[in-house]
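Undergrad: fold the stuff below for me.
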Amino acid sequence: MDMNFSDHELERYSRHILLPQVGATGQARLRDASVLIIGAGGLGAPLLQQLAASGVGHIGIMDHDRVDLSNLQRQVLYGTDDIGQFKVEAAARRLKDLNPLVQVRPYPFCASATTLDELVPLYDLVCDGTDNFKTRLAVSDACVRHGRSLVSGAVQGFSGQLAVFRPQKGGPCYRCLFPEAEKTAAPNCGMSGVLGAATGVMGSLMAVEVMREIIGLEGADETRMTMWDALSGTMNSFVLNRDPHCPVHHDDLAHA
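TA: Next up, the predicted model:
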């Protein structure tokens with residue numbers, strides 16, 4: 001790990017380096033890390049801003065959508081001039097402007113089993129900020145196949161959810177939590193609405209979890225689901241365990 005920093009880097013990341021839990025070693029780990037973000041919308045936009053500003057050295061963004069006027073209420077990475085452009089390309093430009101030291105790769109296509117199998121192995125860590133169960137399950141399954149931790153966030157209305165899945169360490173996956181998800185039609189924000197600032201809260205919490213994983217900050221390795229409610233101002237969490245009947249892990253064991 002390269003521990004040499006330019007004067008520019010030392011000034012840019014000084015507030016991180018001053019933290020004893022981060023220091024130069026932690027900042028070097030962020031610089032060396034690669035993170036793939038699936039979904040550049042309400043959660044992905046603030047998450048991407050935080051990761052780029054924090055100095056995560058290699059960021060991939062996968063999303064096939066284009067910027068729409070209705071996005072701008074919560075997807076703070078974009079401006080009116082970006083309407084009609086691919087989100088990943090507009091995001092890449094904004095992130096490079098925010099921090100030119102970061103390498104950003106846009107992938108303007110859908111997250112399918114094929115595309116995920118091509119990209120997930122190239123990155124150290126994966127984040128899912130998508131808005132439908134089909135994609136979430138595909139991302140989770142790919143992380144199980146390739147042994148990657150998954151930071152998963154969701155927002156609906158005034159509430160948010162967050163979990164970090166580490167299937168490669170014997171923990172559960174997203175399918176363990178929602179075994180019937182494929183049979184469920186989850187409403188997206190276009191159907192049920194969402195508080196714009198709530199996406200910023202959850203996107204930032206996802207960024208914290210990414211940095212915890214990369215730097216190795218203190219905290220239990222157990223998988224916890226965190227629930228945040230903007231209306232009541234409360235946050236609760238509970239431990240998640242691997243489902244012994246989850247077919248993804250059964251397949252893993254069968255091919256081990």
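Undergrad: next up, phi/psi of the closest residue to residue 234 other than its chain neighbours, please.
TA: Excluding its sequence neighbours, the residue lying closest to residue 234 (CB to CB, 6 or more residues apart in numbering) is residue 228, at 7.5 Å. Yep, even glycine has a C-beta here, placed from its N, CA and C like the rest. Dihedral pair for residue 228: phi -120, psi 130, per degrees, to the nearest 10.
Undergrad: likewise for the one 4 residues further on?
TA: The phi/psi pair for residue 232 (degrees, to the nearest 10) reads phi -90, psi -10.
Undergrad: how near is it to residue 29?
TA: Here the criterion is CB to CB, to the nearest Å. By it, residue 232 lies 36 Å from residue 29.
Undergrad: with residue 127 instead?
TA: As defined by CB to CB, residue 127 lies at a distance of 17 Å from residue 29.
Undergrad: higher neighbour count, residue 232 and residue 29?
TA: Higher neighbour count among residue 232 and residue 29: residue 29, with 20 against 9, using other CB atoms under 10 Å.
Undergrad: Provide the secondary structure category for the more buried one.
TA: The three-state assignment at residue 29 reads helix, by DSSP: H, G, I helix; E, B strand; the rest coil.
Undergrad: contacts only, for it.
TA: 1, 214, 215, 216 (CB atoms under 8 Å, 6 or more residues apart in numbering).
Undergrad: nearest residue to residue 195 other than its sequence neighbours?
TA: Using CB to CB, 6+ apart, the nearest residue to residue 195 is residue 158, at 5.2 Å.
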